[in-house]
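Student: need a 3D model of the following:
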Amino acid sequence: MYEQLSSCVTNIDSQAGSLFLLLINTLFASQCEMTDPKLYPPDRSSSLKDGDSFDFIVVGAGSAGSVVGNRLVEVGKWSVLVLEAGGIPSLTAQIPLLFFNIELTDQTWDYYTERSRNSCLGLRSGACHWPRGKLLGGCSSINAMLYIRGNKKNYDSWAENGNEGWDYENLLKYFKRSERLMATNLQHLDSYGKKGLLPLTNYKSNDPVRDIIFDSVKEIGYPILEEEGPNGFFECLQTVEDGVRANAAKVFLGSVKDSKRITLVQNTHVKRVLINEITKQATGVEVEIDGKTLKVYNRKEVVLSAGAINSPQLLMLSGIGPREHLKGLDIDVIQDLKVGKHLQDHMMFLMFSKVNDEAFEQVDSQNELFKYFSHQDSTFGKLGITNIQGFISTKNASNFPDIQYTYLGFPKNDLSAINTFTEVINLDIETAKKLKYYNSRHNIVGTVIILLQPKSTGEVLLRNKDPLVEPIIRSGYLTDMDGYDLETMLKGVRIAEAQIRTKSFKEVGAEVLDINIPNCGKHEFDSDDYWRCAIRNIGTTLYHPTGTCKMGPKSDTDAVVDAKLKVHGIDKLRVIDASIMPNIVSGNTNGPTIMIGQKGSQIIIDDYLDQCMKKYEVQDKHNGEI
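Tutor: Down below sits the predicted model:
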């Protein structure tokens, strides 16, 4: 790039040259500002030594781990080591509109599911692509930045099944503790926290299709809501500030970056937890940095916050997991628990429709990009129509939804966006060609139909005992015996189709597209059997795996951790991330995972500090309303 710039400089006159230099300076200054290492605690990977010890070791600087690191450091009494497999998020990861692009980089764990007879059949190699965040912030640095708490009934059911203190009423303060509601049109609401660290903003898309979507859902009988609710459509809050992604590491670890009590080590692979087989206590972790293996030790606890794939992988590598599976890999069994089982995820299916030109605002991408880097309002600082969310129940008018909707917009001939999208979801080459063909001639709206309460479960297993080898992921999609999941998705598709057939959408020429889905040509297009086939063939992940270190009492034979998030039968070891969910929440999982980080941190603080020090929680400087 620099050679190209220098070769054309002689053809720029003084006035144009000044403008050109202003542009270049603006671009470079913005890039440096958004990717500045000083936004985070300094990387201490070069100074970590074999035998070093800390009060707490936190594995993973993602949505939960960043919160845990923040909370334990803020107590002011303990040394905290935070270990992260990746590094500082790239510029692409900062720009909201490019959230799909980051999933194709080396800043993710590039996982794929195993082949199945039930799902992902029409995707390349018969596998669903499951990228997970491998960078500071974890999946909060690669997700769609949507902030949704989930349904009250989800959490109440956790408590009803033996997890005391995990009902919604008790958890609300932990949601609020993180939240800093910045949306000016919602400041009158008391339902969100306003003094936390996590910025919550919203916006209205400038695309006319935004109003068309809301008008159409009213036509089919659903209300428009001011905020997240269990039955209706609304514009979602997002973890974005000034047009830049607010990832959890930047928000939570960044606030304690100057503390001497935190040691952040980046680009470090944790190989296993060190456990004394006699006392059954976690004593530290074994890590690999730049090809060297080190052992570091905890004086108090090890906290796994590596996510629903990597936390169970680490437990099993450490001898904690299903006995027969570990024995088959010649791993000494320290504790026989159903680690890796009960995997739940939100399956999504996309229905594509063409609309005419008046449905989308025509924008100049280059101009929008310059506006973005000049700190002006720009489409690059938003998510298009993806901030529109809907929750419905296909069974009745209850307040416990089973389907969620969101939307993707592909302006006509926007081949960059459509190419990235088809690559990310691993779409079959011929199906991708058909979709690109339509996009070369039409604007496209993708209606995303999401299964909120799956009955199907999958599992995570070790492929072998090598910690650097990716685990086996069996999604379990559509494996429930009674077919509930597939039929619920079919109902969701039919409701989405009814929306496209409303007067509001017909006025912009909306028509559902046949994109030649593999293996479905034998069925009549738009028949129930066609859509069932389509769901099985190109239904995929919404990137919300949970449940693989399930929380529950000892009486729950599937449980891995108790209500204090301690691993059953092992002392000084907890899991604090989305893997502990007893059942998946009804909505995007980033907000609930951050809440789990807050709740888990407070449990640790309560366990180690006396009653006098517990005033810390009540009088916390970030949120006095707790």
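Student: could you use CA atoms for every contact and neighbour count after this?
Tutor: Will do.
Student: what about the strands in the stretch 151-300 of the chain?
Tutor: 179-181, 198-200, 232-235, 237-238, 240-241, 244-245, 262-265, 269-276, 281-289, 292-304 (DSSP state E, counting those that start in this stretch).
Student: closest to residue 31 out of those?
Tutor: For residue 31, the closest of the strands of the stretch 151-300 of the chain is strand 244-245, at 11.2 Å, according to Cα to Cα.
Student: what lines up beside the closest one in the sheet?
Tutor: Here strand 244-245 has these sheet partners by DSSP bridges: strand 240-241 (antiparallel).
Student: contacting residues around the strand it pairs with?
Tutor: Residues outside strand 240-241 that contact it (Cα atoms under 8 Å, 6 or more residues apart in numbering): 96, 145, 199-201, 246.
Student: over to stretch 463-481?
Tutor: Outside stretch 463-481, the residues touching it (Cα under 8 Å, 6+ apart) are 111-116, 118-119, 271-272, 309, 313-314, 317, 329-331, 343-345, 347, 455-462, 485-486, 536.
Student: any regions of the chain where pLDDT drops low?
Tutor: 1-28, 397, 610-626 (pLDDT under 70).
Student: any chance of the strands of the stretch 151-300 of the chain in a markdown table, with distance to residue 156 and mean neighbour count too?
Tutor: What follows is those, written out as a markdown table (distance: least, Cα to Cα, whole Å; neighbours: other Cα atoms under 10 Å):
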| stretch | distance to residue 156 | mean neighbour count |
| --- | --- | --- |
| strand 179-181 | 21 | 24 |
| strand 198-200 | 25 | 25 |
| strand 232-235 | 21 | 23 |
| strand 237-238 | 23 | 24 |
| strand 240-241 | 29 | 20 |
| strand 244-245 | 31 | 24 |
| strand 262-265 | 35 | 24 |
| strand 269-276 | 32 | 21 |
| strand 281-289 | 31 | 20 |
| strand 292-304 | 25 | 20 |
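Student: let me have those in a markdown table, extended by distance to residue 407.
Tutor: A markdown table is the format used below for these (distance: least, Cα to Cα, whole Å):
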| stretch | distance to residue 407 |
| --- | --- |
| strand 179-181 | 24 |
| strand 198-200 | 20 |
| strand 232-235 | 11 |
| strand 237-238 | 15 |
| strand 240-241 | 19 |
| strand 244-245 | 20 |
| strand 262-265 | 37 |
| strand 269-276 | 36 |
| strand 281-289 | 41 |
| strand 292-304 | 34 |
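Student: for residue 103, which of the ones you listed is the nearest?
Tutor: strand 244-245 (14.8 Å).
Student: right, and the helix or strand after the closest one?
Tutor: Counting by DSSP states H and E, the next helix or strand C-terminal to strand 244-245 is helix 248.
Student: about what we covered before: residue 374: which of the strands of the stretch 151-300 of the chain is closest?
Tutor: strand 244-245 (12.4 Å).
Student: show me the contact partners of that closest one.
Tutor: Taking Cα under 8 Å, 6+ apart as the rule, strand 244-245 contacts 34, 93-96, 141, 145, 239, 381.
Student: same thing but at 7 Å, please
Tutor: If you take Cα atoms under 7 Å, 6 or more residues apart in numbering as the criterion, strand 244-245 is touched by 94-96, 239, 381.
Student: closest to residue 569 among those residues?
Tutor: Comparing the contacts of strand 244-245 against residue 569 with Cα to Cα places residue 239 closest, at 37.2 Å.
Student: looking at it, the closest one is touching residue 148, isn't it?
Tutor: No - taking contacts as Cα atoms under 7 Å, residue 239 lies outside contact range of residue 148: 10.2 Å.
Student: okay, those two: which has more neighbours?
Tutor: The residue with more neighbours, out of residue 239 and residue 148, is residue 239; 27 against 21, by other Cα atoms under 10 Å.
Student: residue contacts, the more buried one?
Tutor: By Cα under 7 Å, 6+ apart, the neighbours of residue 239 are 145-147, 198-201, 245-246.
Student: do that again at 6 Å, thanks
Tutor: 145, 199-200, 246 (Cα atoms under 6 Å, 6 or more residues apart in numbering).
Student: what's the neighbour count on the nearest residue to residue 263 once chain neighbours are set aside?
Tutor: Take residue 263 and drop its neighbours on the chain: the residue closest to it by Cα to Cα, 6 or more residues apart in numbering is residue 81, 4.8 Å away. For residue 81, the neighbour count with other Cα under 10 Å is 27.
Student: start at 9, not 1
Tutor: Renumbered: residue one is now 9, and that last one reads residue 89.
Student: confirm that residue 89 sits in a strand.
Tutor: Yes - checked against DSSP: H, G, I helix; E, B strand; the rest coil, residue 89 lies within a strand.
Student: specify the beta-bridge partners of it.
Tutor: Judged by DSSP bridges, the bridge partners of residue 89 are residue 65, residue 271.
Student: which SS class is residue 133?
Tutor: Going by three-state DSSP: residue 133 is helix.
Student: give the helix, strand or coil label for the residue lying closest to it once chain neighbours are set aside.
Tutor: Leaving aside its sequence neighbours, residue 133 sits nearest to residue 123 (Cα to Cα, 6+ apart; 7.7 Å). Put simply, residue 123 is coil when judged by three-state DSSP.
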